[in-house]
Structure formats: C-alpha cells, structure tokens
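> here's my sequence, what's the structure:
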Amino acid sequence: MEILVINCGSSSLKFQLIDSCNEKVLAKGLCERIGMDGSMISYTPFNGEKQEQKIKMPTHHEAISAVMDFLTNQSFGVISAMSEVDAVGHRVVHGGEYFSQSVMVTDEVLEKIELCSDLAPLHNPANLIGIQACMEIMPDTPNVVVFDTAFHQTMPESAYLYAIPRKYYEQYQIRRYGFHGTSHSFVSKRTAEILKKDPRQLKTIVCHLGNGASISAVEYGKSVDTSMGLTPLAGVIMGTRSGDIDPGILGVIAEKEGISVEQVIQILNKESGVAGLSELSSDFRDINKAMQEGNQKAASAFYAYIQSVVRFIGAYIAVMNGVDAIVFTAGVGENNPNIRKAICEHFSFLGIQIDDDANNTRGREVILSTADSKVKVLVVPTNEELAIARETVEVLSR
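Take a look at the predicted model:
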C-alpha cells in the first residue's frame, strides 16, 4: 500500500510517498514560499538525485498539483499515475477534545478541525487547505487525519486542567492539550522495541528537543503529562519561544512598552527562548561555538535551557513515581551530545551513567547509558511521516 503523507504549514508543504509494506520512502520533498514570490519545490526520489524547481504556487492547491506532477514525472517520478496512491495521510496540529485517535476525513471531521482553528490559528487553517486540495484533485482517494494532540488525550483531568475559573474550560475548552504527539507516540513505542519490552511495562520520558520542544511522561504506553499546553508556547525554553513564564509578565511588558498583549505574545513566540537570552541565535551550534569563545550570554542561555528541561524531567519522574527510560529525539535531542550530557548529569542520583563514546553520536539510534545504569537513556530519531503512514494504514483497516 502506497501512502502519501502531507504536512502543510502556513506557507510550506512537506511530503513523503511511503510504501507501507516495507516502510520504504519512495520519494520526499518540500514546497516552500507558498503564496509568496520565489515559491519552489524540492524533490528527492529513492536512490535518485534531488530536483529543485521554481513554480508559482499562490495556494496549497498548486503545491499539491506540483507534488503530483513530480511524483508521476516520466524522468524522475516514482509512480506512473496518482491512482497508485492508496491513501493520503495528513498531519493536523489541533484536534481539541474531539479526537483521541486518527480518523478518516468526513464533512463532520472537517467542521471540527475548523472549530479548533482558534486554538491553532497558524496551523489548522493550512492543514485544512491541504486536505481540501487533495480531496479536489484526488476525489477517489481516501484521506486520513493524524492529530498532534491525539496522543495526549489520555492525560488525566488533574494534568490538563488549568487552575482558572472552570467556566473557561467548559465554555471555551481552555486546557492543556500538548503537541508533538505523533513524535512522542512513535518514539516511546520504538524505545520499548529497542529495550525488548512491552510499552505497557515501561515508564518513559520522551524529550522532543528541536527548535520547538516538549517533554512527555508516557506511563505504560499512555501519555499522562506533557509540557506544552493550550498552545505550543508553553513548557520548556525553546529556540525562539519563552516556554513557561509568570503570566503577569505579559501585562508588565505590555504596559512598559505600550504594546498590546497580542504583540507581547508575538515576542514570546518569535523573539524569546534561547535566541532572546543569548541575543545571538536559536541554533545551538552557534551557541556552543560562542560559549567556546567565552560569550557569557550564550552560556547563560545554554544553562537556562538545561535547567528548564531538567525541571520537567524531574517533575515527570515524580508524576509517574519512577522512570525506566529517558529518550532524546528531534533536531537538538538527536544531534547535540553536549546537551544530552548536561541534562543527564542532573540525574546521577538515579544511578544514571552515560557512556561518553556512545553519546558522541548524531542522528542515529543508540543506548547512551552504560550497561549497569539503573535508568536507560537513549537517542531515538523521530519519524513523524512514518508514524502518520502507519496511522493511515491502521485507520483504513478498521
């Protein structure tokens, strides 16, 4: 079964065509600058050369058409016709309380995704455009939606409720939802496979550390707590996002700067985090280089980030009353040995010991902890596209 995985952003579209029988990526690519000048597509077929081409893409509809043209191109395409695609799996960021699992697209599903757009205004509308474009261009092909929030719908009420007047939850569904759920689900399951355990036997903490970052407590295969909240702004310090702060700060900055709360939130999303603290960059490669050169602001940002991640890991160990495995994933988690080492040093009291040779790795599966370490520490590269393809196949088989 061949599954086309679509991940639409506000001005971009990532895609992969995956053969679900052997889970091989037949082709992958990215449409960029949709709706802007200079829009282009990059495309790489399996065992083929990367292709890049500037194409006018005023909307996601044209982007979907470009993807199909490249997949069926006589020179470098990997299929002869789009009828060979058995289904399309779409990433949707916010499913609210409506969805606790992946579902087939129906008119009712589309309406509910639309209702959640207020909770993810930068993502859900773009996700909807991608779904509708595929439905128009491939009317006979089933579409499945996989929600970032679904995996965290197993959290207990004690974890997802905010201590604000209950009417705001009852009227507006203001609560903790959590994100990166597809990644957290994939990585926690893969961790169990590596350790040759049933997921229902493990207490796992997944550290999805990228430019956006979130931590989750996965107890016996289910998410019981996670660091992101109503929006992806909450939780640990991130590349340009502040993470958790005293909410009173919003009012103080708005008053002192003479700006709106909306403008303050924009600052917290785009100008804060590691970039804001270091006044240098959101990229830890730049931060590490600056630290070696004696840049104190870079060092300050680095250690604030470590403290933030450590705080959540420690909290989730308490929430689950123990931990069997701590696993790192995403761009920073998979590729930055210094950050992994600095975080794990805070948990030596648990009997965690890191093998420095094993930790000196990037982008591959590895057990970082020594054989006698009481808690296992791993790197597991995330694969959200494969997870979406698997979910799509599962939905089709119901």
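> from the chain's centroid, how far away is the lowest-mean-pLDDT helix or strand in the chain?
Within the chain, confidence by mean pLDDT, DSSP states H and E is lowest for helix 124-137 among all helices and strands, at a mean of 89. Chain-centre distance of helix 124-137: 20 Å, with C-alpha atoms, centre = their mean, to the nearest Å.
> what helices and strands are in contact with that helix?
strand 2-8, helix 60-71, strand 87-92, helix 107-115, strand 143-147 (3 or more C-beta pairs under 8 Å, 6 or more residues apart in numbering; DSSP states H and E). C-beta: built from backbone N, CA, C; applies to glycine.
> go again with 6 Å.
strand 2-8, helix 60-71, strand 87-92 (3 or more C-beta pairs under 6 Å, 6 or more residues apart in numbering; DSSP states H and E).
> buried residues, the helix or strand following the first one. List them.
What it means is strand 2-8. As assigned by DSSP states H and E, the chain's next helix or strand after strand 2-8 is strand 13-19. The neighbour-count criterion (16 or more other C-beta atoms under 10 Å) identifies L13, K14, F15, Q16, L17, I18 as the buried residues of strand 13-19.
> what residue is smack in the middle of this protein?
Closest residue to the average C-alpha location of the chain: H180 at 3.5 Å, with C-alpha atoms, centre = their mean.
> returning to what we had before: adding mean neighbour count, distance to G351 and mean pLDDT, write the helices and strands packed on helix 124-137 out as TSV.
Conversion of the helices and strands packed on helix 124-137 to TSV gives the following (neighbours: other C-beta atoms under 10 Å; distance: least, C-beta to C-beta, whole Å; pLDDT from 0 to 100):
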stretch	mean neighbour count	distance to G351	mean pLDDT
strand 2-8	25	39	93
helix 60-71	22	49	92
strand 87-92	25	38	96
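> which one of these lies nearest to C116?
strand 87-92 (8.3 Å; C-beta to C-beta).
> what helices or strands is the following helix or strand past the closest one leaning on?
The helix or strand immediately downstream of strand 87-92 is strand 103-104, counting by DSSP H and E. With contacts defined as 3+ C-beta pairs under 6 Å, 6+ apart, strand 103-104 has no helix or strand neighbours.
> partner strands of strand 103-104, with direction?
Strand pairing for strand 103-104, using DSSP bridges, gives strand 143-147 (antiparallel).
> now do the strand it pairs with: distance to the chain's middle.
15 Å.
> how about it as CSV, C-alpha atoms only?
Below are the C-alpha coordinates for strand 143-147, written out as CSV (Å, rounded to 0.1, in the frame of the first residue of the first chain):
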residue,chain,number,x,y,z
ASN,A,143,-7.8,10.9,3.3
VAL,A,144,-6.9,10.3,6.9
VAL,A,145,-6.0,12.9,9.5
VAL,A,146,-3.5,12.3,12.3
PHE,A,147,-3.6,14.8,15.1
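> quick one: it to helix 107-115, angle?
Between strand 143-147 and helix 107-115, the angle comes out at 40 degrees (axes from the mean of the first three to the mean of the last three C-alpha atoms, to 10 degrees).
> contacting residues around strand 143-147?
The contact list for strand 143-147 (C-beta atoms under 6 Å, 6 or more residues apart in numbering) reads 88-92, 95, 99, 102, 104-105, 131, 134, 182, 388, 391-392, 395.
> try stretch 314-332
187, 191, 202-210, 217, 219, 225, 284, 340, 375-380, 382.
> any idea how far the residue nearest to the centre of the chain is from T149?
Distance, H180 to T149, by C-beta to C-beta, to the nearest Å: 10 Å.
> circling back: okay, the helices and strands packed on helix 124-137 in TSV with distance to E345 next?
Below are the helices and strands packed on helix 124-137 laid out as TSV (distance: least, C-beta to C-beta, whole Å):
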stretch	distance to E345
strand 2-8	35
helix 60-71	45
strand 87-92	35
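> for the residue lying closest to V224 once chain neighbours are set aside, pull up the helix or strand it's in.
Of all residues not flanking V224 in the chain, A217 sits nearest, at 5.1 Å (C-beta to C-beta, 6 or more residues apart in numbering). For A217, the host element (DSSP H and E) is strand 213-219.
> go on, T191?
helix 181-194.
> surely I354 meets L368?
Yes. Taking contacts as C-beta atoms under 6 Å, I354 lies within contact range of L368: 5.4 Å.
> which one of these two has more residues nearby?
Counted by other C-beta atoms under 10 Å, I354 and L368 do not tie: L368 has more neighbours, with 26 against 20.
> for that one, list the residues it contacts.
Counting by C-beta under 6 Å, 6+ apart, L368 has contacts I354, A358, N359, V377.
> so where's the chain shaky on pLDDT?
Within the chain, no stretch has pLDDT under 70.
> change it to 80
Scanning the chain for pLDDT under 80 picks out 9-10, 121-122.
> kindly list the longest helix within it.
Identified as the longest helix of the chain according to DSSP state H is helix 296-320.
> now do that helix against strand 213-219, angle only.
Using the same axes, to 10 degrees: helix 296-320 against strand 213-219 is 20 degrees.
> list the buried residues of helix 296-320.
Counting neighbours by 16+ other C-beta under 10 Å, one finds that the buried residues in helix 296-320 are 298, 301-302, 305-306, 308-313, 316-317, 319-320.
> for the next helix or strand after that helix, which strands pair with it and how are they oriented?
Remark: after helix 296-320, the chain's next helix or strand is strand 325-329, criterion DSSP H and E. The strands that strand 325-329 pairs with in its sheet are strand 203-209 (parallel), strand 376-379 (parallel) (by DSSP bridges).
> before I go, just wanted to say thanks for your time.
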